[in-house]
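[1] predicted model and sequence follow; I will ask about them next.
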Amino acid sequence: MHVADLGEQNTEAAQRAPRPRSRRTPGRRGRTARRRRGGGTGIAAGSSRAADRRADVLLALAASILSALVFLACHRALIDDSYITLGFVRDVALRGHWGLISSRVSNTATSPLNVLVLAAITLVVRNPVVATGVAQVTAAGGTAVLLGRALAARGLPRWP
């Protein structure tokens, strides 16, 4: 085989082989994903962190507003189990007593942590139903921020 024939074979093989991607071409995990993960330095990294904070605030605000609207629409239609929990909340927050009936101690709360969190909020707002709304709005905003950050860490968009 002649040396010129080898050159022609290599050229044909090179034409059939897939071309490697350039390092400059941002793929799915390109420049944007690195910036969201906190990579880079200087002004670009600072503006990225500011953009991430703005996105977090917008997510929390949107989720909180939606949650508040749902609570306002439904707060008068709570079922009896909700009022049992809110009775515990009221007694713990306003009377310092663990029980549904003020004269008896009982341990029948389904979720004691829920009662304690709502009681802490009730100490501030002085109304167990309003405390439930505050807890719901806060939880919705926090969940939206955490979900947005988890999506951004994987290089996915925060908004659909």
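    Arrived safely, thanks for sending. Residues are numbered from 1 along each chain as shown.
[2] after the lowest-mean-pLDDT helix or strand in the chain comes which helix or strand?
    When the helices and strands of the chain are scored by mean pLDDT, DSSP states H and E, helix 31-36 comes last with a mean of 48. Using DSSP states H and E, the helix or strand that follows helix 31-36 in sequence is helix 42-74.
[3] only alpha carbons, please: show the helix or strand following that next one as PDB.
    Downstream of helix 42-74, the first helix or strand assigned by DSSP H and E is helix 80-90. Listed next in PDB are the C-alpha coordinates belonging to helix 80-90 (Å, rounded to 0.1, in the frame of the first residue of the first chain):
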ATOM      1  CA  ASP A  80     -64.300  20.000  61.800                       C
ATOM      2  CA  ASP A  81     -60.900  18.300  62.100                       C
ATOM      3  CA  SER A  82     -59.200  21.600  61.400                       C
ATOM      4  CA  TYR A  83     -61.100  23.300  64.200                       C
ATOM      5  CA  ILE A  84     -60.000  20.500  66.600                       C
ATOM      6  CA  THR A  85     -56.400  21.300  65.800                       C
ATOM      7  CA  LEU A  86     -57.100  25.100  66.000                       C
ATOM      8  CA  GLY A  87     -58.700  24.500  69.400                       C
ATOM      9  CA  PHE A  88     -55.400  23.000  70.600                       C
ATOM     10  CA  VAL A  89     -53.600  25.900  69.000                       C
ATOM     11  CA  ARG A  90     -55.800  28.400  70.800                       C
END
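[4] done for today, thanks.
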